[in-house]
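[1] sequence and predicted structure are below.
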Amino acid sequence: MSLLNDLINLNISTEKIIAEYIWIGGSGMDMRSKARTLPGPVTDPAKLPKWNYDGSSTNQAPGNDSEVILYPQAIFRDPFRGGNNILVMCDAYTPGGDPIPTNKRYSAAKIFTHPDVAAELPWYGIEQEYTLLQKDVNWPLGWPVGGFPGPQGPYYCSVGADKSFGRDIVDAHYKACLYAGIDISGINGEVMPGQWEFQVGPTLGISSGDQVWVARYLLERISEIAGVIVSFDPKPVKGDWNGAGAHTNYSTKSMREEGGIEVIKKAIEKLGKRHKEHIAAYGEGNERRLTGRHETADINTFSWGVANRGASIRVGRETEKEGKGYFEDRRPASNMDPYLVTSMIADTTILWKP
């Protein structure tokens, strides 16, 4: 085992680098990747070669026409291999150049490059919740197999071996994200034991989606090493336990300037008018989470309030006091697609004319 570790950490004294190409698989949540050797360091994704993969093995193409093309879109430092090696976030296209159905980045990029959206410099801060599961039993980390821990209360932001489970994975992920160049702004233990959260942002436009996906990839890889499963299920355990969301904090240039609170109120009004459309795009199984309990609003009812974690949209006390700032959309589930959610919020609040 020590020889294996020595080889993994081997310093390759060559100009060549390893690029790990990452993409989203056919379920819309499974992450795939493969590596290739490049002749030297690359910092511009436009200078990276396109690549292909077998889409019939990811449920993204038929077997008789299985080639799917990867377009490099964003580069991150590789915390696993170090050096000049890189991670490359890609989106996927047919050989004819059309985005495949699971490519949500393509449509998002069209929204974010619209002049009206680009002028507003939309910022996002995404709070990604997730649950760590014991590998062989698919039961939350730290829970007795086939049983339950004590009721919620002691676990949120907790310390101690009887309350906090998986901190080594969480801290390793935090540092890996910082190394990679992701705008990770914090982590914390969540209300349900074995559940954690990391935050990415504030991040501008399409980069928010790129960074959340790569942060998820890093979490999956680190958990793989630890022999633990990552679940993004919005309600991993039935009953009196909190679900898992991806609260999305949002602001535009107009909201951050003097008088921005009025812009925020108008944006929230527009979001309310498209509540059903947003819910339909905010993650599979979200109806199990948005019940009106456990710090959620009912899925069928749109509401907003100041400092209200039981509302669809929460406006912070500081934003109310300053008369400008941001708001939090609390509806997205933990398994949402950040490309879809961020671009839809921008589309509704900036481009859509009711």
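    Sure, I can see it. Note that the coordinates shown come from a computational prediction; the quantities given were computed from them, not determined experimentally. Numbers count the residues shown, from 1 in each chain.

[2] so where is the protein shaky, pLDDT-wise?
    1 (pLDDT under 70).

[3] ranges for the strands of it?
    Secondary structure of the chain, counting by DSSP state E: strands at 17-24, 31-38, 51-54, 67-77, 86-93, 123-134, 139-140, 184-189, 195-204, 228-231, 246-251, 304-306, 313-315, 327-329.

[4] which of the residues in the fourth one are buried?
    What it means is strand 67-77. Judged by neighbour count (16 or more other Cβ atoms under 10 Å), strand 67-77 contains these buried residues: Val68, Ile69, Leu70, Tyr71, Pro72, Gln73, Ala74, Ile75, Phe76, Arg77. (C-beta placed from N, C-alpha, C; glycine too.)

[5] about what we covered before: so which of the strands of the chain comes closest to Asp347?
    Closest of the strands of the chain to Asp347 is strand 246-251, at 12.1 Å (criterion: Cβ to Cβ).

[6] parallel or antiparallel, which strands does the closest one pair with?
    When pairs are called by DSSP bridges, strand 246-251 turns out to pair with strand 123-134 (antiparallel), strand 327-329 (antiparallel).

[7] who touches Ile268 in this structure?
    Trp304, Ile313, Val315, Phe327 (Cβ atoms under 8 Å, 6 or more residues apart in numbering).

[8] quick one: which of those residues is nearest Tyr217?
    Nearest to Tyr217 among the contacts of Ile268: Phe327, at 28.4 Å, using Cβ to Cβ.

[9] any idea what that closest one is bridged to?
    Going by DSSP bridges, Phe327 forms beta bridges with Tyr250, Val315.

[10] count the residues that sit near it.
    When neighbours are defined as other Cβ atoms under 10 Å, Phe327 has 25 of them.

[11] give me every residue that touches the nearest residue to Glu320 once chain neighbours are set aside.
    Distances taken as Cβ to Cβ, 6 or more residues apart in numbering put Val306 closest to Glu320, at 5.1 Å, once the chain neighbours are dropped. If you count contacts by Cβ under 8 Å, 6+ apart, Val306 has them with Arg314, Val315, Gly316, Arg317, Glu320.

[12] circling back to that earlier point, will you turn the strands of the chain into TSV that also has distance to Gly146?
    Putting the strands of the chain into TSV (distance: least, Cβ to Cβ, whole Å) gives the following:
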stretch	distance to Gly146
strand 17-24	34
strand 31-38	30
strand 51-54	39
strand 67-77	40
strand 86-93	38
strand 123-134	11
strand 139-140	8
strand 184-189	23
strand 195-204	19
strand 228-231	17
strand 246-251	29
strand 304-306	40
strand 313-315	37
strand 327-329	37
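
[13] out of those, the one nearest Asn11 is which?
    Here strand 17-24 is closest among the strands of the chain (Cβ to Cβ), at 12.9 Å.

[14] how close does the spatially most central residue of the chain get to Leu340?
    Among the residues of the chain, the one closest to the centroid is Val212, at 3.6 Å (Cα atoms, centre = their mean). Per Cβ to Cβ, to the nearest Å, Val212 is found 11 Å from Leu340.

[15] can you get me a residue count around the residue nearest to Ile100 when sequence neighbours are not counted?
    Once flanking residues are discounted, Ile100 sits nearest to Ala92: 5.0 Å by Cβ to Cβ, 6+ apart. Using other Cβ under 10 Å, Ala92 has 26 other residues around it.

[16] does Ala92 really touch Leu70, like I thought?
    Yes. Counting by Cβ atoms under 8 Å, Ala92 touches Leu70, with 6.1 Å between them.

[17] intersection of neighbour lists for the two?
    Both Ala92 and Leu70 are in contact with Trp23, where contact means Cβ under 8 Å, 6+ apart.

[18] which parts of this protein are helices?
    Under the criterion DSSP state H, the chain contains helices at 2-8, 104-112, 115-120, 167-180, 206-226, 253-256, 260-273, 275-281, 317-322, 338-346.

[19] got the contact list for Ser312?
    Here Ser312 is in contact with Leu271, Gly272, His275, Ala297, Thr301, Phe302, Ser303, Trp304, Asp329, Arg330, Arg331 (Cβ under 8 Å, 6+ apart).

[20] sorry, back to before: for Pro154, which of the helices of the chain is the nearest?
    Across these, closest to Pro154 is helix 167-180 (Cβ to Cβ), at 15.1 Å.

[21] and the closest one, how far out from the chain's middle?
    Relative to its chain's centre, helix 167-180 lies at 15 Å (Cα atoms, centre = their mean, to the nearest Å).

[22] quick check: end-to-end length of stretch 47-54?
    From its first residue to its last, stretch 47-54 covers 23 Å (Cα to Cα, to the nearest Å).
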